[in-house]
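Q: I would like to see how this sequence folds:
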Amino acid sequence: MSKTIFKGSGVAIVTPFNENGVNFDVLDELIEFQIQNHTDAIIITGTTGEASTMTDEDQIEAIHHTVMTVNHRVPVIAGCGSNDTKHGAELSRMAENAGADALLSVTPYYNKTTQKGLIEHYKRICGAVSVPVILYNVPGRTGMNLKPETVASIMDACGNVVGVKECNFDQVGEIIRLCGEDVQVFSGEDAMAVPLMSLGGSGVISVLANVAPAYVSEMMHACLEGDYQKAGKMQVKALPMVSALFCETSPIPVKEALNQMGYAVGECRLPLTTMEEANKEKLIKAMKEFGLLA
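A: Prediction:
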């Protein structure tokens, strides 16, 4: 199995909602916006896509719709993790059947299993599918950390695990040291995308790319071309915008930003709410300074 899913900029795309459910017309607009602006992969129904408030049926429909709309122009990676291993395996099978090119599988949240439990969890998940799987380590959301040696053990045990979306920057170097060329490491933090690339990363799975896809793509490809002077300057310039996109729980700010840009993505589903007015003003100010709004 090829170990390369994509290199560069993958967007953790939002899910537009309306009163009837997923707004597929607006989702199509977002997908075309991304592809036209050189995004290298679409990650659908992840954390930013609010999969946790979607039914399995709605989630799989969104994945299938994205696959059909993208039509092989870039890889489609489906978020389909669960804290219930049996459910996660079934959801992964459904996402594969919906046509996803690869899966993004978050560590089981809330249960707080052991590292041994993580290995067994992923063996069951990965054994249920034939497509490549990217592990997703986001301790700030899940309450637990996927250790580098556990990543290496999972990759040894599961031939279709090709990489990890990593939000714990401190362990990126150790993951790459232990797993070598077999692993693709993607930054799960927009603010650390360029530093991660300098350690041998493959790209970013980005929230910022929702509103600035061409910018993130250019920054990541500068890294891939070895131009870290350019990439570093772009990373620093983007930091205030990234900060504004995370001034409240994501994806609250990024959905507000897209609404401000004319994409009718709607509001987040409860328990996420609309932005506090002071934070909304901070976001709009950052967008204007970054050139996203006049």
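Q: just the mean pLDDT for the helix or strand harbouring His65, thanks.
A: Under the criterion of DSSP states H and E, His65 resides in helix 56-70. Mean pLDDT, computed over helix 56-70, is 98.
Q: ok, stretch 109-118 next?
A: Stretch 109-118 comes out at a mean pLDDT of 94.
Q: hmm, who's touching it?
A: Stretch 109-118 has contacts (C-beta atoms under 8 Å, 6 or more residues apart in numbering) with 83, 107-108, 121, 141-144, 146-147, 149-150, 154. The way it works is simple: take the backbone N, C-alpha and C, and place the C-beta from them, glycine included.
Q: separate out the buried members of the residues you listed.
A: Buried members of the contacts of stretch 109-118, counted by 16 or more other C-beta atoms under 10 Å: 83, 107-108, 121, 141-142, 144, 146-147, 150, 154.
Q: need those in CSV with distance to Thr15 and secondary structure, can you?
A: Shown next, in CSV, are the buried ones among the contacts of stretch 109-118 (distance: C-beta to C-beta, whole Å; DSSP: H, G, I helix; E, B strand; the rest coil):
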residue, distance to Thr15, secondary structure
Asn83, 20, coil
Thr107, 21, coil
Pro108, 22, coil
His121, 25, helix
Arg141, 17, helix
Thr142, 20, helix
Met144, 25, coil
Leu146, 25, coil
Lys147, 31, coil
Thr150, 30, helix
Ile154, 28, helix
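Q: need those in a markdown table with distance to Glu90, can you?
A: Shown next, in a markdown table, are the buried ones among the contacts of stretch 109-118 (distance: C-beta to C-beta, whole Å):
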| residue | distance to Glu90 |
| --- | --- |
| Asn83 | 14 |
| Thr107 | 18 |
| Pro108 | 14 |
| His121 | 14 |
| Arg141 | 22 |
| Thr142 | 20 |
| Met144 | 22 |
| Leu146 | 22 |
| Lys147 | 27 |
| Thr150 | 23 |
| Ile154 | 20 |
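Q: circling back: with respect to Lys280, which of the contacts of stretch 109-118 is nearest?
A: Proximity of those to Lys280 (C-beta to C-beta) peaks at Arg141, which lies at 23.1 Å.
Q: for Gly46, see how far away that closest one is.
A: As judged by C-beta to C-beta, to the nearest Å, Arg141 and Gly46 stand 11 Å apart.
Q: before we move on, what about Val22?
A: 14 Å.
Q: comparing the two, which residue is more hemmed in?
A: Gly46 (29 against 20; other C-beta atoms under 10 Å).
Q: show me where the chain has helices.
A: In the chain, the segments counted as helices under DSSP state H are 24-36, 56-70, 85-97, 115-127, 139-142, 148-157, 172-179, 193-198, 213-224, 228-245, 252-260, 277-290.
Q: looking at these, which is nearest to Lys7?
A: helix 213-224 (6.0 Å).
Q: hang on, the earlier thing: between the contacts of stretch 109-118, which is closest to Leu272?
A: Among the contacts of stretch 109-118, and counting by C-beta to C-beta, the member closest to Leu272 is Arg141, at 12.9 Å.
Q: count the residues that sit near the closest residue to Gly49 other than its chain neighbours.
A: Computed as C-beta to C-beta, 6 or more residues apart in numbering, the closest residue to Gly49 that is not its neighbour in sequence is Thr15, at 4.4 Å. Neighbours of Thr15 under the rule other C-beta under 10 Å: 29.
Q: ok, Thr273 next?
A: 12.
Q: and it, what does it touch?
A: 252, 267.
Q: quick check on it: phi, psi?
A: Dihedral angles of Thr273 (phi, psi; degrees, to the nearest 10) stand at phi -130, psi -180.
Q: coming back round to it: the helix holding His65 - contacts with which helices or strands?
A: strand 21-22, helix 24-36, strand 41-44, strand 76-79, helix 85-97 (3 or more C-beta pairs under 8 Å, 6 or more residues apart in numbering; DSSP states H and E).
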